[in-house]
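In: Can you look at this prediction? I've put the sequence above it.
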Amino acid sequence: MDLKASIETSVSGMSSQATRMRIIAENLANAQSTSQTPGGDPYRRRVVTFSNELDRANGAKLVKVKSVEPDKSNFETQFNPNHPAADENGYIKLPNVNSTIETMDMNQAQRSYEANLAAIKAAQNMMIRTIDLLNSR
């Protein structure tokens with residue numbers, strides 16, 4: 001794989017992780033939101049899945065966001081009969097967002113983003129060094 005393809009691979013990884021971080025931020029922002037209607041469903045956590053694609057033009061293996069889908073895990077319930085979103089039994093549904101898991105996912109996405117950035121910088125340095133060597137002849 002040439003340097004251009006390795007940079008494209010890292011850029012695709014950074015783009016995919018940026019999307020993942022945006023979705024995680026949305027999950028965290030809605031971690032305490034409830035339904036607007038009595039007995040209705042609150043915010044449902046979303047998760048990002050990735051796919052590996054080949055860029056046939058230069059042979060680079062790219063990371064793409066395959067989908068952003070709702071997490072199908074159950075909502076928690078809480079007895080709170082005075083809440084506007086309470087059902088006829090006095091229970092409200094809470095989002096299926098766990099802030100601890102979201103924080104760990106955010107850290108992992110950040111580290112992956114930073115690793116891809118470091119790979120791009122290394123490839124750039126190799127290009128610069130190659131140019132310097134060719135100019136010194």
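Out: Now that the structure is in, tell me what you want to look at. Numbers count the residues shown, from 1 in each chain.

In: On the three-state scheme, Glu69 is what?
Out: Classification of Glu69 by DSSP: H, G, I helix; E, B strand; the rest coil places it in strand.

In: ok, what's across the strand from Ser51?
Out: Lys64 (DSSP bridges).

In: Does it touch Ser16 like I think?
Out: No: Ser51 is beyond contact range of Ser16, at 9.3 Å (criterion: CB atoms under 8 Å). In short, each C-beta sits where N, CA and C put it, glycine included.

In: what is in contact with the two at once?
Out: Val63, Lys64, Val65 (CB atoms under 8 Å, 6 or more residues apart in numbering).

In: Let's have those residues in TSV, adding pLDDT.
Out: As requested, those are arranged in TSV below (pLDDT from 0 to 100):
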residue	pLDDT
Val63	93
Lys64	95
Val65	96
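
In: Closest one to Thr34 out of these, please.
Out: Thr34 has its nearest neighbour among those in Val65, at 28.6 Å by CB to CB.

In: Give me the more crowded residue out of Ser51 and Ser16.
Out: Looking at Ser51 and Ser16 with other CB atoms under 10 Å, you find the greater number of neighbours at Ser16, namely 22 against 11.

In: Am I right that that one falls within a helix?
Out: Yes: under three-state DSSP, Ser16 falls within a helix.

In: Would you mind giving both backbone torsions of the residue nearest the centre of the chain?
Out: Nearest to the geometric centre of the chain sits Arg20, at 1.0 Å (CA atoms, centre = their mean). Backbone geometry at Arg20, expressed as degrees, to the nearest 10, gives phi -60, psi -40.

In: Quick check: it touching Val48?
Out: Yes: using CB under 8 Å, Arg20 makes contact with Val48 at a distance of 4.6 Å.

In: That concludes my questions; thank you for your assistance.
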